[in-house]
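A.B. asks: Coordinates for the following, if possible.
(one chain, ligands or ions: 2)
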Amino acid sequence: MERTLVLIKPDAIQRGLIGDIITRLERKGLKLIGMKMMNLDEATLDDHYRHLLDRPFFPRIKQFMRSAPVLALCWEGLECVETVRTLCGTTNSRKADPGTVRGDLGMSVQCNLVHASDSSQTAQEEITRFFRPDELFSYESVTDAVIYSSDERG
Ligand code: UDP
Ligand code: MG
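C.D. replies: Numbers count the residues shown, from 1 in each chain. Ligands and ions are numbered 1, 2, ... in the order given. Now for the predicted structure:
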């Protein structure tokens with residue numbers, strides 16, 4: 001099974017949307033294997049958003065991400081990187097599809113509630129950035145038998 005990294009961003013923390021966002025991912029059938037509230041430092045954000053280094057909003061997004069704690073979540077599931085990106089919706093919340101986190105709950109590009117890894121490779125890097133190995137939990141999900149078919153479970 002694939003793993004992905006989700007950050008519940010400061011705007012969602014401030015707005016009391018942690019429960020709503022986690023509920024959506026749980027109800028989808030994803031398995032939560034790590035969860036950690038943290039204040040992000042400058043160096044972590046420089047690394048995490050290095051693909052945006054040249055963009056004019058780079059300092060602003062870092063300031064926003066340090067305005068309150070974030071909640072880091074690690075989820076596991078079949079092809080879950082793509083599935084979670086779909087559930088989050090497109091970057092601009094105003095244009096995100098209804099039914100997605102951003103489409104249902106947000107009005108902003110910057111304050112778009114969640115981060116989700118954009119590829120399997122990025123997910124591995126990001127999980128390592130936010131979690132130590134002993135902060136990730138390996139356990140058998142009793143519901144996987146009814147969430148997936150036998151061939152999907154592998
Ligand atoms: N962002 C922004 N202005 C932009 C584009 C992005 O403030 O024009 C912020 C927004 O919070 C976004 C984050 O930078 O989630 C990372 O950008 P990316 O393009 O990776 O979007 P994502 O993968 O989060 O949809
Ligand atoms: Mg991104």
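A.B. asks: what's across from the spatially most central residue of the chain in the sheet?
C.D. replies: Relative to the mean C-alpha position of the chain, the nearest C-alpha, by CA atoms, centre = their mean, is the one of V6, at 1.5 Å. Beta-bridge partners recorded for V6 (DSSP bridges): L73, A116.
A.B. asks: Does it touch A116 like I think?
C.D. replies: Yes: V6 is within contact range of A116, at 5.2 Å (criterion: CB atoms under 8 Å). (C-beta placed from N, C-alpha, C; glycine too.)
A.B. asks: Mind listing the shared neighbours of those two?
C.D. replies: Common neighbours of V6 and A116, using CB atoms under 8 Å, 6 or more residues apart in numbering, are 84, 88.
A.B. asks: what does this structure put close to ligand 1?
C.D. replies: 52, 57, 61, 91, 109-110, 112, 115, 118 (CB under 6 Å from any ligand atom).
A.B. asks: now the residues you listed in TSV, with neighbour count and pLDDT?
C.D. replies: Shown next, in TSV, are those (neighbours: other CB atoms under 10 Å; pLDDT from 0 to 100):
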residue	neighbour count	pLDDT
L52	12	97
F57	13	97
I61	17	98
T91	12	98
V109	15	98
Q110	16	98
N112	23	98
H115	19	98
D118	15	98
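A.B. asks: next one: stretch 69-84 to chain centre, how far?
C.D. replies: Put simply, stretch 69-84 sits 5 Å off its chain's centre (CA atoms, centre = their mean, to the nearest Å).
A.B. asks: quick one on the thing from earlier: format the residues of the chain next to ligand 1 as CSV; extra columns: secondary structure.
C.D. replies: CSV is the format used below for the residues of the chain next to ligand 1 (DSSP: H, G, I helix; E, B strand; the rest coil):
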residue, secondary structure
L52, helix
F57, coil
I61, helix
T91, coil
V109, coil
Q110, coil
N112, coil
H115, strand
D118, coil
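A.B. asks: hang on, the earlier thing: contacting residues for the residue nearest to the centre of the chain?
C.D. replies: Taking CB under 8 Å, 6+ apart as the test, what V6 contacts is 25, 72-75, 84, 88, 114-117.
A.B. asks: Mind doing that once more with 7 Å?
C.D. replies: 73, 75, 84, 114-116 (CB atoms under 7 Å, 6 or more residues apart in numbering).
A.B. asks: N92 - nearest residue in space that isn't next to it in sequence?
C.D. replies: V109 (4.8 Å; CB to CB, 6 or more residues apart in numbering).
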